[in-house]
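Undergrad: everything below, folded, please.
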Amino acid sequence: MLIEIASLAKTYQLGEIQVPALKTVDLKIGKNEYVAIMGPSGSGKSTLMNILGCLDVPSSGKYILNEHDVSTMDDNQLAFIRNKEIGFVFQTFNLLSRANALHNVELPLIYNGTPRNERRQMAEQALDRVGLGDRKTHKPNELSGGQRQRVAIARALINNPSIILADEPTGNLDSKTGEEIMRIFTDLHQAGNTIILVTHEEYIARHAKRIIRLFDGFIQSDETAA
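TA: This next block holds a predicted model:
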């Protein structure tokens, strides 16, 4: 099992008030699954995404990712796991504006010390996979929104991560471009990647093979997509 979550809870302390964001979540996700996580504002889906992405830690419970118990890790250990195991795709792309597409894609490899020639070759291959082999030297302001998201997807792929974690990946795109991006995720899943998609759009979630719905900090339903 790639992901095992047991009795997971997260409570935020806001002054003297405790705000429970997740309340006793149990969840398993296997390798090569394509999962959508849905829920209204305040349901806990952003908190769950942050914990799955090792951007936050639970208040209680267990989170095992690819045989690593990340629920007990410190900040440095979490940073290592994030770089090694997780590829992030964000709604706002999170690209460096002054860097070209190739440099944006190779950034994770710079952080882990991959030699320059090797990371350059890997970045070129990742851009080719998302259909942007002819845009390597373009900066973000020279690319369309869909092309920027393709660069972000290529960056997420660069470390061959255990999970691709996509947070509202079509949120800043028109519907036609959004569908093009979702086709890339389908292709990546068919190539063997595990994808976890966080979205509030039903038609986007329907691209996944499994839909988990959160409500008030609990898993309300967990179903195979039709």
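Undergrad: L52 against I163, yeah?
TA: Yes: the criterion here is CB atoms under 8 Å, and L52 meets it with I163 at 7.5 Å. From N, CA and C alone the C-beta is placed, and that goes for glycine too.
Undergrad: name the helices or strands packed onto the helix ranked longest in the chain?
TA: Counting by DSSP state H, the longest helix found in the chain is helix 175-190. Applying 3 or more CB pairs under 8 Å, 6 or more residues apart in numbering; DSSP states H and E, we find helix 175-190 packed against strand 34-38, helix 145-157, strand 163-167, strand 194-198.
Undergrad: okay if I get those as TSV plus distance to P108 and mean neighbour count?
TA: Output for the helices and strands packed on helix 175-190, formatted as TSV (distance: least, CB to CB, whole Å; neighbours: other CB atoms under 10 Å):
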stretch	distance to P108	mean neighbour count
strand 34-38	22	23
helix 145-157	7	24
strand 163-167	13	24
strand 194-198	17	25
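Undergrad: overlap in contacts, L52 and I163.
TA: Counting by CB atoms under 8 Å, 6 or more residues apart in numbering, the shared contacts of L52 and I163 are 3, 65, 196.
Undergrad: burial count for T11?
TA: 16 (other CB atoms under 10 Å).
Undergrad: next: T72.
TA: 11.
Undergrad: ok, now the one 5 residues further on?
TA: By the criterion of other CB under 10 Å, Q77 has 13 neighbours.
Undergrad: tell me the pLDDT of the spatially most central residue of the chain.
TA: The chain has L165 as the residue nearest its centroid, 1.4 Å off, counting by CA atoms, centre = their mean. With respect to pLDDT, L165 scores 96.
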